[in-house]
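Colleague: I need the structure of the sequence given here:
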Amino acid sequence: ILTGNSNTKLDDNRVTGVGQPCTTVIDNQVYLFHTDWDSGLDAIHVARAPLEDITNPSAWKKYKDGSFSSAGLGGASDAVVVPSFEGDDYAASCSVSWNSYLSQYLMSYETRNAIYTVRSNDGIDWTDPKLLLSFSQFGNAKVGYASLVSPTAEMGQTNQSGIVILSIRAAGTLDTMMAIPFVFS
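Modeller: Have a look, this model is predicted:
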């Protein structure tokens, strides 16, 4: 249903195409947030298709030039979330939910140095990032793949408080999932 830009040169030493999917439904459209490694900047992009037509590859359109106008298979797209801070050379592995406390969509995503959150009314235009969790507190461990969950919220939603579930791996150990509480004020 989705590929990277068809003009991308394959390179065995670099990830290419699209990956790290996260979906949510907005106004009967499935929004598929993903990393597009072919765009020249490892950032978060979005495509969508009508809920009733998500298995039809031609129904998927990528967000490009202000609208969902580019083909899901092989078309180009514009990033909706990019790395914003010095030393953060990618934005990836997002998790999106409707946050009932904020009355907005909430996205968490990772960079090289931290996990950030951004908010949106429409799933396209996102606020400036707010730091949720700095990786520096974990020393040299590899941290990532964060997802937010609020046990007291409806499925697919978050609220004022909950848990950040993420993976951490110290040198010489296996990846382990951790749960760290969060509260929005």
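Colleague: show me the contacts for the closest residue to Asp53 other than its chain neighbours.
Modeller: Once flanking residues are discounted, Asp53 sits nearest to Ala59: 4.0 Å by C-beta to C-beta, 6 or more residues apart in numbering. All C-beta spots, glycine's among them, are computed from the backbone N, C-alpha and C. Taking C-beta atoms under 8 Å, 6 or more residues apart in numbering as the criterion, Ala59 is in contact with 49-50, 53, 72.
Colleague: name the spans of this structure whose pLDDT lies under the cut-off.
Modeller: 5-14, 38-40 (pLDDT under 70).
Colleague: residue nearest the centroid of the chain?
Modeller: Among the residues of the chain, the one closest to the centroid is Cys94, at 2.2 Å (C-alpha atoms, centre = their mean).
Colleague: assign Glu154 to helix, strand or coil.
Modeller: Classification of Glu154 using DSSP: H, G, I helix; E, B strand; the rest coil returns coil.
Colleague: return the residues in contact with it.
Modeller: Neighbouring residues of Glu154 by C-beta under 8 Å, 6+ apart: Ser100.
Colleague: please shift the residue numbers so they start at 6 in all later answers.
Modeller: Renumbered: residue one is now 6, and that last one reads Glu159.
Colleague: quick check: the gap between it and Asp32.
Modeller: 17 Å (C-beta to C-beta, to the nearest Å).
Colleague: likewise for Ile120?
Modeller: From Ile120 to Asp32 the distance is 28 Å (C-beta to C-beta).
Colleague: quick one, which of those two is more surrounded?
Modeller: Set Ile120 next to Asp32 and count neighbours by other C-beta atoms under 10 Å: Ile120 wins out with 25 against 10.
Colleague: give me the neighbour count for Trp94.
Modeller: Careful, residue 94 is Asp; it's not Trp. A total of 12 residues lie near Asp94 under the criterion other C-beta under 10 Å.
Colleague: isn't it right up against Pro88?
Modeller: Yes - Asp94 lies in contact with Pro88 (C-beta atoms under 8 Å); the separation is 5.9 Å.
Colleague: between the two, which contacts overlap?
Modeller: Residues touching both Asp94 and Pro88 (C-beta under 8 Å, 6+ apart) are 47, 116-117.
Colleague: nearest to Tyr106, of those?
Modeller: Comparing the shared contacts of Asp94 and Pro88 against Tyr106 with C-beta to C-beta places Thr116 closest, at 24.2 Å.
Colleague: excluding sequence neighbours, find me the nearest residue to the closest one.
Modeller: Distance criterion C-beta to C-beta, 6+ apart; nearest residue to Thr116, sequence neighbours excluded, is Asp93 at 3.6 Å.
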